[in-house]
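>>> okay, sequence plus prediction incoming.
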Amino acid sequence: MILEERPDDPGASEDSDRLQEDSSNPKGYDSLMQNQPGQLQSHRARLHQQISKELRMRTGAENLYRATSNTWVRETVALELSYVNSNLQLLKEELAELGSSADVEQPEGESVTIPMIPLGLKETKELDWATPLKELISEHFGEDGTSYETEIQELEDLRQATRTPSRDEVGLDLLAAYYSQLCFLDARFFSPARSPRLLFHWYDSLTGVPAQQRTLAFEKGSILFNIGALHTQIGARQDCSCTEGTSHGAEAFQRAAGAFRLLRENFSHAPSPDMSTAALSMLEQLMVAQAQECIFKGLLLRASDTPDSCPAQLQLAQEAAQVAAEYGLVHRVMAQPPVRDHLPASWTNLAHVKAEHFSALAHYHTAMALCEGSSAHKGELPGQEHVFQPSATCEPQGPTLPQHPEECRKLAKAHLKRAILGQEEALRLHTLCRVLRKVDLLQVVVTQALRRSLAKYSELEREDDFFEAVEAPDIQPKTHQAPEVKMPSLSQVKVTDLFHRLGPLSVFSTKNRWQLVGPVRMTRGEGGSGFTLRGDSPVLIAGVVPGSQAESAGLKEGDYIVSVNGCPCKWWKHVEVVAQLRGVGEDSVSLQVVSLLPSPEPRNTGPRRPALLWSQRECGFETPMPARARPWPILAWSRKNKQSKTGSQPDPCTNRNCVTCP
């Protein structure tokens, strides 16, 4: 992890001013200070700046503490370190409150539901693309870098808009479009041999710690992280009082889990804690648990139409036990280092509260099934439903449901007792966390569940119940709709390469080196122009006749034609170049070509950059493989495949020296 340790960083001090003053976002995206998400992002940016300042002070104090041997100085520095660490802890707690309470909005609806855990977006500094890209275009591609100011400005506007995306499908499409542009940029401008001198600076989403890297993979990984985080915010805003809202919420959390898994599997060198393997695994498990919770809420809404159905209550009991098991696993992961050191304490406590709450709900619905079964079915419960976990004193399949009404009543009381104890424990855990105490919805939901359990327990209570001999067994977790980890739809948004004018990526990228030749003027003689062509975009000189005018002009086999009579033709088809050359007749034609040069280092050698999603199919496009230094592999294209495309090129003539297909 690379932390910013510079004593003076004017870019960091001006960040909030830029965030508040910038109102030039593209059309369709609200400015930062005109909506609530923008205000939250601005607040996070100020917190990140304060955290960055405290980190620099702590780094300087630690360096002084290690460098000095004076006892008085060391004691003073130790006191200062204690003060700085206290400030950092307070700032991180404030950041956690902003992420877990301010982002949680109770959706419109009659029923009150337990809040979800949304994830805040990673913040970043403004980035100057213009200077390094213009220099690279001028030096490596041999073109005027200033002529690409429009494309560079569009790229900068797109990145600026991604800092405050709207929390809906439009915001997801915006992030996906920028991610696809980064894939284009990676294929064209970034290679081990030559890359723009850029420094990508992002803040950790969980702790606010700044990190910076020069590799474009860091930028791509951060955008992919924000895609997952935006899915969590969309899922947390769904109205879970209707089945449509629960379905959309489950879908959003499954997409978020897919984004974090994709990032974990492809980004190996984590520069910040939130992008480490352990943190991403925890986030994936958390999103799966929240998707499972949405599935349970949807089943609960459908079961409300038939509240007296014993099988429906048993299914709800097992579904609730499944949710409790998922949150129990998440809580254990959150409580272990290194995740525990970077995660907000409120998240860990909330996962624990939810595990206890849904475990209590499982016992409550089991009790309701026992009560309904003993009354409506005259003591005949569905014995084939194995809802209890096996123990050491029972059969391997677990204890069966009782059939006698009195036994059902006693077992129902035992389950209600466990439900009451679990909900009281959930309330106790809720009051222990300062952040959770401010989440009133959480307390309301758990309190309502506790009151329902107490009321039902009072109905089953009898004066002659002197002995509580029945012990409620654990509920077997089971779900009829397991969440699927769904990858984000990065290819859904089709984008065009902003630097399309530079030419096809197969040739015109920093992975290849070439020499610009020309312009040269040639006239068509009796024997033709003395060379043959092949291929499309760009058109390749497949052969040069020895002693011809083309050889005298310096054209060589394997050169690519990039200009005809001053008109760029990098993207022209074969037939278009042939038609242009034939159309000049006896007049001279001006050609400009590029010759590929050998690579300065062998293939598959040299330092490798951290790779992130090298398959561009994920982004809605495929980058052709770069051409080799020698033209022979290109000349060996299958003639059969070329001839099978009828109408794509003119019929070849018998003169081997004319400008046409060989």
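Received it, and whenever you're ready, just let me know what you need.
>>> CA atoms for contacts and neighbours, from now on please.
Noted.
>>> now do the contacts for A351.
Residues near A351 by Cα atoms under 8 Å, 6 or more residues apart in numbering: 327-328, 330-331.
>>> one more pass at 6 Å, please.
Shown in contact with A351 (Cα atoms under 6 Å, 6 or more residues apart in numbering): 327, 331.
>>> A helix includes it, no?
Yes - according to DSSP: H, G, I helix; E, B strand; the rest coil, A351 belongs to a helix.
>>> and the pLDDT for it?
We have a pLDDT of 94 for A351.
>>> from T232, how far off is it?
Per Cα to Cα, to the nearest Å, A351 is found 15 Å from T232.
>>> kindly report the same for S180.
21 Å.
>>> the more surrounded of these two?
A direct count of neighbours by other Cα atoms under 10 Å for S180 and T232 places T232 higher, at 27 against 24.
>>> quick one: secondary structure of that one?
The local conformation at T232, judged by three-state DSSP, is helix.
>>> residues contacting the residue lying closest to it once chain neighbours are set aside?
The shortest distance from T232 to any non-neighbouring residue, by Cα to Cα, 6 or more residues apart in numbering, is to P118 (5.0 Å). Applying Cα under 6 Å, 6+ apart, we find P118 in contact with 232-233, 236.
>>> what about A426, neighbour count?
A426 has 26 neighbouring residues, counting by other Cα under 10 Å.
>>> let me redo that: T150
There are 11 residues near T150, going by other Cα under 10 Å.
>>> quickly note the distance from the residue nearest to T232 to P546.
Taken as Cα to Cα, the spacing of P118 relative to P546 amounts to 70 Å.
>>> what does Q212 give?
Distance from Q212 to P546, by Cα to Cα: 55 Å.
>>> right, and M287 touches A257 too?
Yes - under the criterion of Cα atoms under 6 Å, M287 makes contact with A257 at 5.4 Å.
>>> the residue nearest to T232 and A252: what is the separation?
11 Å.
>>> try V387
Per Cα to Cα, V387 is found 30 Å from A252.
>>> just to check, V387 is in contact with Q476?
Yes - taking contacts as Cα under 6 Å, V387 lies within contact range of Q476: 5.2 Å.
>>> more neighbours, these two?
Using other Cα under 10 Å, the more surrounded residue of V387 and Q476 is V387, with 24 against 20.
>>> check the more buried one and give its pLDDT.
Listed pLDDT for V387 reads 72.
>>> mutual contacts of P118 and A252, please.
Counting by Cα under 6 Å, 6+ apart, nothing touches both P118 and A252.
>>> what about the spatially most central residue of the chain, helix or strand, and which?
By Cα atoms, centre = their mean, the chain has its centre lying nearest to L224, at 2.7 Å. Assessed by DSSP states H and E, L224 sits inside helix 216-236.
>>> I'd like the average pLDDT over that helix.
The model assigns helix 216-236 a mean pLDDT of 93.
>>> need the next SSE after it, C-terminal direction.
According to DSSP H and E, the helix or strand after helix 216-236 is helix 243-266.
>>> what is that next one packed up against?
helix 216-236, helix 277-303 (3 or more Cα pairs under 6 Å, 6 or more residues apart in numbering; DSSP states H and E).
>>> tell me which of the ones you listed is the most buried.
helix 216-236 (a mean of 26; mean count of other Cα atoms under 10 Å).
>>> just checking, what packs against it?
helix 243-266.
>>> now the helix it packs on: buried residues?
Neighbour counts over helix 243-266 (16 or more other Cα atoms under 10 Å) mark 243, 245-264 as buried.
>>> just how off-centre is it within its chain?
Offset of helix 243-266 from its chain centre (Cα atoms, centre = their mean, to the nearest Å): 10 Å.
>>> could you pull up the mean pLDDT of it?
Model confidence over helix 243-266, given as mean pLDDT, is 94.
>>> which parts of this structure are strands?
200-203, 210-213, 513-523, 531-534, 539-544, 560-564, 567-568, 588-597 (DSSP state E).
>>> of all the ones you listed, which one is nearest L427?
Comparing those by their distance to L427 (Cα to Cα), the top pick is strand 200-203, with 34.0 Å.
>>> any chance of the helices and strands packed on helix 243-266 in JSON lines, with distance to S506 too?
Listed next are the helices and strands packed on helix 243-266 as JSON lines, based on distance: least, Cα to Cα, whole Å:
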{"stretch": "helix 216-236", "distance to S506": "20"}
{"stretch": "helix 277-303", "distance to S506": "34"}
